[in-house]
Every structure is written in C-alpha cells, then in structure tokens.
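Visitor: After the sequence you'll find the predicted model.
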Amino acid sequence: MEKEITIKPKYELKEYFKVSLYITARHPLYTLLMVFFGLMILSVLAILILGILEGTSDLFSLLDPTYLIFIIWPALVIFLTYIKTKKALASPRLKEDIIIKYNKDFFQEIGESFDIKYFWKDIKKVVETKKWFLIYIQSNQAKVIVKKDLNGDEFKDLKELFKSLTIKKSLK
C-alpha cells in the first residue's frame, strides 16, 4: 500500500493574508511595478533634496497629487489583498470539517460537501518557504500548508513526497 499523508488544515486570516501578500509580491507584474515605483521614488527624493539644498523646494511639494500615488498604490495593493483574502476565507466550504490527503499521484481536499482531487501532473510548482509549503495550482494561486501546523512525521513525509515528484519545485 502506498503511503498517504493526511492533514487537517487551519484557516487563519493573519497567516493566509501573509501568504497572499507573498504570492502577490512575487508576481512578475508587481515586481516590475515595484521596481518602477522604487526608481520613481528615488528620483523624486533626489529632486526634492537638490531643491531643498538649493533653496528652491520645500517638504510641502511632496503633497503634490503626482507624488501621492507612491503612497497610495502600495497601500491600495495591501488593502485589496486583505479584502480578497478575507472574502476567500469567509467561504462556507472552509467552515466545514476538511482534511487533505497527499499521496504520490495526487492530493485531495475532502469536506462535507466537496471532494476535489489535484493531480501532481497538473500542478505548476511546489515552493517551500520558511513558514509554508505552497502548491501552485495556477501561476497566481496556491494551496498552503502551514509548517507550524505539522507534526515532525508529517513534515518529514511531505518533504519526502515533494522531493519525489517530477514537477518544478523549490525546496529548502
């Protein structure tokens, strides 16, 4: 009989919000936007500092609507990510008694009203971070395994399973 790992997930807003921010921040579009906004902030600060040194500018010029986008954009991304995460965790499905089974062919989410199988051949990648395992079912959507919720054997068995898979993975 093949080995099967069964986990009972916990869905905590704080943890899943952090995961959502992590995934959002690593999306190529956001990476490009962050680099662009970072360069823009540096150029604005350089112009402001030069203006202050020459006596032609003051700190109130930062209140110009053009510069406010540099404050509003990151705050908006964080706020929208929080709202999206909170809405996702309010799903009635997540209130059910859920278990997730992992084996060498697929992993399966089983609840009272659903039973979903994800075959490893359809998974984009598996990424291990300091706090989580992320199983990407789409390029911007991942199933999360919180490491602190695993006992020692579950952690070891999952890591072994992920290493044995023939999919893209980034394990520590």
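Guide: Yes, it's here.

Visitor: Would you enumerate the residues in contact with the residue nearest the centre of the chain?
Guide: Nearest to the mean C-alpha position of the chain, counting by Cα atoms, centre = their mean, stands Ile23 at 2.9 Å. Ile23 is in contact with Leu134, Asn140, Gln141, Ala142, counting by Cβ atoms under 8 Å, 6 or more residues apart in numbering. All C-beta atoms are positioned from the backbone trio N, CA, C, and that covers glycine.

Visitor: Which two of the residues you listed have the greatest separation?
Guide: The largest separation in the contacts of Ile23, counting by Cβ to Cβ, is between Leu134 and Asn140 at 11.2 Å.

Visitor: The chain: strands as residue ranges?
Guide: Secondary structure of the chain (DSSP state E): strands at 5-7, 99-102, 106-110, 115-119, 125-128, 132-138, 141-146, 168-170.

Visitor: could I get the contacts of Ile23 as a markdown table with neighbour count?
Guide: Converted to a markdown table, the contacts of Ile23 look like this (neighbours: other Cβ atoms under 10 Å):
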| residue | neighbour count |
| --- | --- |
| Leu134 | 20 |
| Asn140 | 14 |
| Gln141 | 11 |
| Ala142 | 22 |
